[in-house]
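K.L.:
Below are the sequence and a predicted model; questions follow.
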Amino acid sequence: MTRLYLLLASALAVSACQTLPAGIAAAPATSPVLATADAVDPHSYARPLEARVTHVDLDLRFDFAAKAVSGTATLDLDRQPTAKEIVLDSDGYQVSAVIDAATGAPMGFAYGADDQALGRPLTVQLGAATRKIRIAYTARNAEALQWLTPEQTAGKREPFLFSQGQAILNRSWIPTQDSPGIRQTWSAKITVPAELTAVMSGLRSDEIGAGTGGTRTYKFHMDKPVAPYLIAIAIGDIKFQPLGTRTGVWAEPASLPAATRELEDTEKMVETAERLFGPYRWGRYDMIVLPPSFPFGGMENPTLTFLTPTFIAGDKSLVSLIAHELAHSWSGNLATNATWADFWLNEGTTTYATYRIVEEIYGKRIADQQIALGLDSLDGELNNQAAADTRLVIDLRGRSPDDGMTDIAYEKGAAFLRTIQAAVGRERFDPFLRKWFDDHAFQPVTSAQFLAAVRRDLVAGNAELEQKLQLNRWVYETGLPTNNVPANAQAFAEVDAAVAAHASGTLPTAAWARWTTDERLRFLNRLPRQQSRASLGALERAFGLNAIGNNEVKFAWASLAIANRYDPAVPAIEAFLQSNGRRKFVRPLLLALDKDESWGRPIARRVYPLARPLYHPLVTGELDKVFPR
Ligand code: BES
Ligand code: ZN
């Protein structure tokens, strides 16, 4: 026990002040807020140019019985001398007092009108000299937090809690300015039941040790300014397994061995990413495998990526997810979209970077296949979305930032960067991208800044190249520009031939057995959506689709089955919907079922109440509107 703890402690003790190569500046203590109109965040009440938060210090107690967080947040402020107040974002937490942290003097505070999507502003009156305020508060039923009962974990013995901040959920448990353009350093003192372990998206300082009443207190800090959506916590019966010198994985003990095997390429991925994009500046890259209710595939919380367990396939076939979350250590976490309208700068750049990492580690063929799969989903999305939302920069005023979370941002964004890369060559594009991250490290960025950098560093006055790139078309216009680089037509030559042969009744039974997950996905997704019952039955029997373990393949099969009212797949679909809460899987399947009034709707309405306790508040929040309770 002691030995294990020491091992753990030394793995975690790696200093935050790692040495960076000459010429790479260390993180600034504060990061300026952009003042241009395109950097004004419509999803925050903050007025950062008048008064802004630069550091958040949390002292919180997590009460699992009450599902409540309470304590204090002490905020360092940077303010105009004339500012009379500071405006924070809030969504549901209850403030009991605000004081000037230097003098102890009570400060006036008031909430503004509540907005369904944004929550309400919390305005604190400032004294002439106020530079630090302390807010005492309690957050119950915070949307960012999911409290799991022991039954909802792998171990079944202890409860679990995790947070999800992106896009605007952290305002439900952290009183601060919740805008990606207002970067803040942070620190935290976290008190939890003694039998549980707390981890956060920053380095662990030390464990203070046993506290009063069966509790234990942990301390964390993030000394680099980050966007506040990147503050994250998980608490549970978790253990750590080192993977490399600066990488490791946390998971429930029951899940740790499989997670460790699946993640064995992580250290190599970090090294590869550094060669491509510059030094990794966050110290450690650890991951935590969460219970199956985690609503996303992954979330790039700095120093500690949060992961769904559904990526564990046993054969590493879904680990491009790790390359993706790791790549956010540059695109997203170093250079961060100033507002959610520029979400593609986070996700499109990351998707491009993911394919580059995959190519280095698994080879060009695999990367070309994944790019082809991405372009197929982009096609689907271009047909699904309203034309206005097929722009890279979209107008999200008066809407939820989640409306921008489509494959347009991910795959059109990545396609845009591939188009530039193809026009100028990797010899020029790679240094450009690296410089972009260096120049904007720990800063908010806008699309206009990105285009200006492309014009300055790559176009450099070359009118022919400017014409060829169609930069403004890509970013500000709808659809897919004509200069998009198509997928490598050879990437799936064998699978595509099998799809064609299937139309005349031939099943690729032998080929399926040796196909990779990506090839299986291409096959299922490229079949005509209308299939006869006999044809689906033949596929099911030949490939054992109702019993397939890979969750991406399961999803592809479930989608095809639902489109054809294929009853024999219903038990497998129901089990899938009740075994994970990943929004990307459960939302489209439940919505597709519900759309089919006479066949699918009764299934959806029967399963949803059963599956609902597993789902995260951000998923039930959407689905409760569709399925009356
Ligand atoms: N940052 C996103 C997840 C996210 C986006 C959460 C917007 C909330 C709002 C994360 O990096 C992501 O893109 N996850 C994908 C992974 C995939 C593209 C490999 C997911 O969860 O499916
Ligand atoms: Zn992402």
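P.N.:
Noted; the coordinates are in hand. None of the values given here were measured: they were computed from a predicted structure. Ligands and ions are numbered 1, 2, ... in the order given.
K.L.:
What is the least confident helix or strand in this structure?
P.N.:
Within the chain, no helix or strand scores below helix 2-12, which has a mean of 34 by mean pLDDT, DSSP states H and E.
K.L.:
next helix or strand past that helix?
P.N.:
strand 51-63 (DSSP states H and E).
K.L.:
Low-confidence ranges, this protein, go.
P.N.:
Within the chain, the segments meeting pLDDT under 70 span 1-24.
K.L.:
Could you rerun that using 90?
P.N.:
1-31, 206-213, 628-629 (pLDDT under 90).
K.L.:
and the residue of the stretch 51-200 of the chain found nearest ligand 1, which of the three is it?
P.N.:
Residue nearest to ligand 1 within the stretch 51-200 of the chain: Q166 (3.7 Å; C-beta to the nearest ligand atom). Just so you know, the C-beta spots here come from the backbone N, C-alpha and C atoms, and that holds for glycine as well. What DSSP: H, G, I helix; E, B strand; the rest coil gives for Q166 is coil.
K.L.:
any idea how far it lies from ligand 2?
P.N.:
9 Å (C-beta to the ion, to the nearest Å).
K.L.:
nearest spatial neighbour of that residue, skipping sequence neighbours?
P.N.:
Y229 (4.5 Å; C-beta to C-beta, 6 or more residues apart in numbering).
K.L.:
What ranges does the stretch 351-500 of the chain have for its helices?
P.N.:
Taking DSSP state H, counting those that start in this stretch to define them, one finds helices in the stretch 351-500 of the chain at 364-384, 407, 413-424, 426-439, 447-454, 463-469, 471-476, 493-503.
K.L.:
the inter-axis angle of the fifth one versus helix 413-424?
P.N.:
By that I understand helix 447-454. 20 degrees (axes from the mean of the first three to the mean of the last three C-alpha atoms, to 10 degrees).
K.L.:
How about the fourth one?
P.N.:
On the basis of the same axes, to 10 degrees, helix 426-439 is oriented at 130 degrees to helix 413-424.
K.L.:
How far away from the center of its chain is helix 426-439?
P.N.:
24 Å (C-alpha atoms, centre = their mean, to the nearest Å).
K.L.:
Over to stretch 594-601?
P.N.:
Averaging C-alpha positions (C-alpha atoms, centre = their mean) puts stretch 594-601 31 Å from its chain's average.
K.L.:
re earlier: got phi/psi on the residue nearest to Q166?
P.N.:
When read as degrees, to the nearest 10, the backbone of Y229 gives phi -70, psi -10.
K.L.:
I'd say it and P180 touch.
P.N.:
Yes. The pair Y229 and P180 passes the contact test of C-beta atoms under 8 Å, sitting 6.1 Å apart.
K.L.:
Just want to know which of the two has more residues nearby.
P.N.:
Using other C-beta atoms under 10 Å as the criterion, Y229 and P180 rank with P180 on top: 29 against 25.
K.L.:
any idea how far the closest residue to F432 other than its chain neighbours is from ligand 2?
P.N.:
In space, and not counting its chain neighbours, F432 is closest to D457: 5.2 Å by C-beta to C-beta, 6+ apart. Distance of D457 to ligand 2, computed by C-beta to the ion: 25 Å.
K.L.:
Can you get me a residue count around D457?
P.N.:
There are 17 residues near D457, going by other C-beta under 10 Å.
K.L.:
now the one 3 residues further on
P.N.:
Other residues near A460 number 10, with proximity taken as other C-beta under 10 Å.
K.L.:
Can you report how many residues neighbour the residue of the stretch 451-600 of the chain found nearest ligand 2?
P.N.:
Closest residue of the stretch 451-600 of the chain to ligand 2, C-beta to the ion: K584 (11.6 Å). Neighbours of K584 under the rule other C-beta under 10 Å: 16.
K.L.:
which SS state does it fall under?
P.N.:
Classification of K584 using three-state DSSP returns helix.
K.L.:
going forward can the numbers begin at 800, since that is how I track them
P.N.:
Yes, from this point I'll number from 800; that puts the last item at K1383.
K.L.:
OK, contacts around the residue nearest to it when sequence neighbours are not counted?
P.N.:
In space, not counting the residues next to it along the chain, K1383 is nearest to G1096; the distance is 6.6 Å by C-beta to C-beta, 6+ apart. Contacts of G1096 were listed using C-beta atoms under 8 Å, 6 or more residues apart in numbering, and they are 1106-1107, 1109-1110, 1120, 1123, 1381, 1383.
K.L.:
ok, now how distant is G1096 from N1136?
P.N.:
Counting by C-beta to C-beta, to the nearest Å, the gap between G1096 and N1136 amounts to 19 Å.
K.L.:
do the same with A1166
P.N.:
25 Å.
K.L.:
quick one, which of those two is more surrounded?
P.N.:
Shown here are A1166 and N1136; by other C-beta under 10 Å, N1136 has more neighbours (28 against 21).
K.L.:
Surely the more buried one is in contact with Q1242?
P.N.:
No. Taking contacts as C-beta under 8 Å, N1136 lies outside contact range of Q1242: 11.1 Å.
K.L.:
ok, how many other residues are close to A927?
P.N.:
Neighbour count of A927, defined by other C-beta under 10 Å: 8.
K.L.:
For it, which non-adjacent residue is closest in space?
P.N.:
P880 (7.8 Å).
K.L.:
do the same with S1092
P.N.:
Distances taken as C-beta to C-beta, 6+ apart place G1380 nearest to S1092, at 3.9 Å, with adjacent residues excluded.
K.L.:
That neighbour: neighbour count?
P.N.:
By other C-beta under 10 Å, neighbour count at G1380 equals 28.
K.L.:
and it, which of the three is it?
P.N.:
With three-state DSSP as the basis, G1380 sits in coil.
K.L.:
okay but it is in contact with F1095, surely?
P.N.:
No. Here G1380 lies out of contact with F1095, judged by C-beta under 8 Å, at a distance of 9.7 Å.
K.L.:
Walking through the stretch 950-1099 of the chain, point out its strands one by one.
P.N.:
For the stretch 950-1099 of the chain, the strands defined by DSSP state E, counting those that start in this stretch occupy 959-962, 983-992, 996-999, 1002-1009, 1014-1025, 1032-1035, 1038-1041, 1046-1050, 1084-1088, 1097-1098.
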